[in-house]
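Peer 1: just a sequence and a predicted model for now, questions to come.
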Amino acid sequence: MKLSTFKIGGVHPSGSKLSADQPIKVMPIPDTVYIPAAQHIGKPADIIVQKGDKVKVGQLIAKSSGFVSANIHSSVSGTVTAVGPVPDPSGIAKMGVTIKVEGDEWMEDIDRSETLDTNVDRFSDKEIIDRVTAAGIVGMGGATFPAHVKFTVPLEKKAEALLINGVECEPYLTADHRVMLEKSEQLMVGVKLIMKAVKTEKAFIGIEANKPDAIEKLTELSRKYAGIKVVPLALKYPQGSEKHLIKAIMNKEVPSGKLPIDVGAVVSNAGTAVAVYEAVMKSKPLIERVVTVTGNSVKNPSNFLARIGTPVRLLIEAAGGLPEDTGKVISGGPMMGKAATNTDFPVAKGTSGVLIMPEELAHRREPEPCIRCGKCVDACPMGLEPYLLSVYSRKKMWNECEEHYIYDCIECGCCVYSCPAARPLLDYMRLGKSTVMGIIRSRKK
Amino acid sequence: MEDNVIAISIAVLGGVAVLAAAILYVVAKKFKVDEDPRIDEVNELLPGANCGGCGFAGCRNFAEGCVKSLEGKFCNVGGADVMNKIAEILGGTVTAPDPKVAVVRCAGSTACRPKVNNFEGAKSCAVVAATYAGETGCAFGCIGLGDCVTACEFGGVSINPETGLAQINESLCTACGSCVKACPKGIIELRKKAAKFRKVYVSCVNKDKGAVAKKACSSACIGCGKCAKTCEFGAITVENNVAYIDYTKCKMCRKCVEACPTGAIKEENFPPRKLKEAAAPKELGQPTNADKVEVKPEPEKIVLEKKSDNPNAN
């Protein structure tokens, strides 16, 4: 049977899923956690604790500051030692809360039992969204878009289907894969809850064919849950992008400037669905997540369940330490992740992985002149012309950038991956995209 | 027959030509735009660099602006000569603003600001600034990839290969401000152009707290405020852990330069300090002492800060 996938562009990087067979290990609670106030797209949350305050696990420490924003909870119990800059992979310290850990005392209303609760019917759609909002759940694939915004379907629109993203198309990363295998039941209940919240009867779980065990297990389970169907997908990067998953599963195209809901789709990550289950059924806010620590020279590539705010340095140590030939540490996957300037930065809600690249693989080639081969155009999954846009951006021709839809760029990196001249296409596209978005926003005001 | 064809062709084409000429004539008359001939004259005088330093979109646009009203208009590139000629044509007077020159406020050379990582992406300051903190521990300083060099129409900016910092060739600088706009970190400032290009300025824009800034760069301003205390003219303010010298108040006494423990305040193009060096050993002893006890005088400052902070916090 031919597996479905999206049609335009895309590349096939090697999977390198080194940690796929490693069960999720629970990270010990660190001595100190750094919890940034901006762990989501949108406005940073307003910090509501002060230096010296005692906090418990799951206590609200930063309040959502708008509709597109998210609550942030303490992931540990202890004393707030500072409200101020916390480390960030970019090297520019961001606002956040530093907490010194004392014991592990949880908020009383959190149900910490392992028993599976499948009674979806005891909540109304509104209650589910309220609980998701309160728990500060964001898209856990890496984009960190506040989940309650997605689940709040506007009145005039209707969700035809819910798509659960179990694609994990980034090479090396295996966090979602392990979650699907080890928390399958919770995932299914979570999907049911989201289906109820967005009022749809259909849900598809899209999984790439390189995870046959997950496909098998979830297909088996899906017989118990009406309306949920597992869809195996052909391997192609960037299938985990919202718009490409919709194209692959529903064969619908999201027009430029529109949202998935405009074509009747709501897309959510597999990890997010599990978080929704925990938030709604167990009253547990988003305080921990699964992080893959991997790399060709890493001694024990692993998947860790780490509290939000755990310094990444500790995760690397737990995976066997920083290898001697380390050339680069990347927060995220190799295609879309950002190189980090330090290893002190904390695990945030969107940290899906930490990739350690050996020296020999860490460097870019020296760029050469563009030979107009058009490979970037073939590879671009959004149908853009990266060679042209990067020149417009370099020359600060913002109007031309806008005319050629630079804001549709999803920054997947397929253009750079395919460029035989090693041109820094995406560097300039990102600059152009952020500048043009700024211009568009200022025009609306 | 053939004669006929030629005659008909001439007649038809001639007819079309006459008709087109008539239409063009009518259109030209009817939609004639009266343009002040003086705009062209003024435009001729201008340097034609289209640098935009005057705030207009190019030289012609500036000429149009001048013809409307000369008030507040000045072309830095052409200078007083050009502006006086323009004033002759248009009548009226030109008020020359204080002449200015671009100053790069970063002294974080490769020697005092070590690299902590390597950037291999696009060679553009704007890209680096949009991506991360930069190759050094200082997220505020000069990136050194030369967006300002490209922006300068007059060849007045270059990257010093030794220090890795942008430097201004004052004799070429026209104070058009292109580099100021091009710098994503906002390091370059237009400051008063004094005689012989003499200047005193804080060569640092790092807003980090003293210890952090100092760790990243040995010539960083640590916001200790000694300069502000030393200044007799109230020209120095310390805000966000960084000092700033207001050039309208600065009398260039250079006392702040001596007071600065990190050497972040620079004096340039002054003759060497002969007199003071003669009497030096004792007097210079003080600054060196200050260097050594650099940490000690700070508690005083910190206490002051705490005092002022506490009422707010409580």
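Peer 2: Noted; the coordinates are in hand. Numbering: from 1, shown residues only, chains lettered A, B, ... in the order given.

Peer 1: list the buried ones in the one helix or strand residue B:88 maps to?
Peer 2: Using DSSP states H and E, residue B:88 maps to helix B:79-90. Buried residues in helix B:79-90, counted by 16 or more other CB atoms under 10 Å in any protein chain shown: B:82-83, B:85-87, B:90. To be clear about C-beta, it is placed using only N, CA and C from the backbone, and glycine gets the same treatment.

Peer 1: would you turn the residues you listed into CSV with distance to residue A:114 and pLDDT?
Peer 2: CSV is the format used below for the buried residues of helix B:79-90 (distance: CB to CB, whole Å; pLDDT from 0 to 100):
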residue, distance to residue A:114, pLDDT
B:82, 82, 89
B:83, 82, 90
B:85, 87, 89
B:86, 84, 90
B:87, 86, 89
B:90, 86, 87
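
Peer 1: pull out the buried positions in the helix or strand hosting residue B:15.
Peer 2: Using DSSP H and E, residue B:15 sits within helix B:2-30. Across helix B:2-30, burial judged by 16+ other CB under 10 Å covers no residue at all.

Peer 1: what's the offset of whatever helix or strand comes next after it from the middle of its chain?
Peer 2: Next along the chain after helix B:2-30, taking DSSP H and E as the criterion, comes helix B:37-45. Centre-to-centre, helix B:37-45 and its host chain are 28 Å apart (CA atoms, centre = their mean, to the nearest Å).

Peer 1: quick one: mean pLDDT over helix B:37-45.
Peer 2: Helix B:37-45 comes out with an average pLDDT of 90.

Peer 1: show me what it is in contact with.
Peer 2: Residues from elsewhere that reach helix B:37-45 (CB atoms under 8 Å, 6 or more residues apart in numbering or on different chains): B:59-60, B:63-64, B:66-67, B:78, B:82, B:85-86, B:89-90.

Peer 1: what sits against the nearest residue to residue B:115 once chain neighbours are set aside?
Peer 2: Ranked by CB to CB, 6 or more residues apart in numbering or on different chains and with sequence neighbours excluded, the top spatial neighbour of residue B:115 is residue B:135, at 4.9 Å. Neighbouring residues of residue B:135 by CB under 8 Å, 6+ apart: B:115-119, B:128, B:143.

Peer 1: what's the answer for residue A:116, then?
Peer 2: Contact analysis of residue A:116 by CB under 8 Å, 6+ apart lists A:185-186, A:189.

Peer 1: just the terminal-to-terminal distance for stretch B:160-179.
Peer 2: 16 Å (CA to CA, to the nearest Å).

Peer 1: and it, which residues are buried?
Peer 2: Buried-residue list, stretch B:160-179, by 16+ other CB under 10 Å: B:163-166, B:168, B:170, B:173-179.

Peer 1: ok, the residues you listed vs residue A:160, which is closest?
Peer 2: Proximity of these to residue A:160 (CB to CB) peaks at residue B:178, which lies at 53.1 Å.

Peer 1: quick one: secondary structure of residue A:100?
Peer 2: strand (DSSP: H, G, I helix; E, B strand; the rest coil).

Peer 1: just to revisit the earlier point, what subset of the contacts of residue B:135 is buried?
Peer 2: Applying 16+ other CB under 10 Å to the contacts of residue B:135 flags B:117, B:119, B:128, B:143 as buried.

Peer 1: can you put those residues in CSV and add secondary structure, distance to chain A and pLDDT?
Peer 2: Listed next are the buried ones among the contacts of residue B:135 as CSV, based on DSSP: H, G, I helix; E, B strand; the rest coil; distance: CB to the nearest CB, whole Å; pLDDT from 0 to 100:
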residue, secondary structure, distance to chain A, pLDDT
B:117, coil, 5, 90
B:119, coil, 9, 91
B:128, helix, 9, 94
B:143, coil, 13, 94
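
Peer 1: how many residues are close by whichever residue of chain B sits closest to chain A?
Peer 2: Taking CB to the nearest CB, chain A has its nearest neighbour within chain B at residue B:133, 3.0 Å off. For residue B:133, the neighbour count with other CB atoms under 10 Å in any protein chain shown is 22.

Peer 1: enumerate every residue touching the closest residue to it other than its chain neighbours.
Peer 2: Nearest residue to residue B:133 in three dimensions, chain neighbours excluded: residue A:91, at 3.0 Å (CB to CB, 6+ apart). The contact partners of residue A:91, by CB under 8 Å, 6+ apart, come to A:341-342, B:117, B:132-134, B:137, B:139.

Peer 1: let's see that with 6 Å instead.
Peer 2: Counting by CB atoms under 6 Å, 6 or more residues apart in numbering or on different chains, residue A:91 makes contact with A:341, B:132-133.
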